[in-house]
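> whatever this is, show me its structure:
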Amino acid sequence: MSDANIESMSLSEALLGKGEDRTDWELLRRQREAGVEPEADPDEGDFDDSRVRVVEPRRKQAISVRLDPDILEFFKAGGPGYQTRMNAALRLYMNRCRAAAPAKEPA
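A predicted model of the protein is given here:
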């Protein structure tokens, strides 16, 4: 399986779905109470789970790092999850550096 065909998402994203919730929950509740089977959404399509694989997140390694106060304040100002955002920023930087680096030829 090609990594290009793999889309990563958190468990909550997988459960809630991406994008705007367009479900009319009140209508579904009334239909269920009336014993009416809801109509299928033509935009939904069939879900092919043959290529789904559950990937557990990698364990993070605890380290001690010294940061400039303004950098730490910037990430903390975004609220809870600032360490995750810092990790994502570092990963973005790492991936861009790797993509820009010339391929090493075998010795």
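> can you tell me the closest non-neighbouring residue to Asn87?
In space, Asn87 comes closest to Lys60 once its chain neighbours are excluded; the distance is 7.4 Å by CB to CB, 6 or more residues apart in numbering. C-beta coordinates here come from the backbone N, C-alpha and C atoms, glycine included.
> tell me the pLDDT of that neighbour.
Confidence per residue is given as pLDDT, and for Lys60 that number is 88.
> next: Asp3.
At Asp3 the predicted local distance difference test score is 63.
> same check, this time on Glu33
According to the prediction, Glu33 has pLDDT 91.
> do Asp21 as well
66.
> tally of neighbours for Lys76?
By the other CB atoms under 10 Å criterion, the neighbourhood of Lys76 contains 13 residues.
> can you pull the contacts of it?
Tyr82 (CB atoms under 8 Å, 6 or more residues apart in numbering).
> next one, pLDDT for Phe47 please.
In this prediction, Phe47 has a pLDDT value of 71.
> correction: Ile71
96.
> repeat for Arg51
pLDDT recorded at Arg51 is 79.
> how much space between Glu39 and Arg32?
Look at Glu39 and Arg32: by CB to CB, to the nearest Å, they are 13 Å apart.
> returning to that earlier point: pretty sure the residue nearest to Asn87 contacts Thr84?
No. Applying CB atoms under 8 Å as the test, Lys60 and Thr84 come out as separate, 9.2 Å apart.
> which one of those two has more residues nearby?
Neighbours per residue (other CB under 10 Å) separate Lys60 from Thr84, with Thr84 holding more: 12 against 9.
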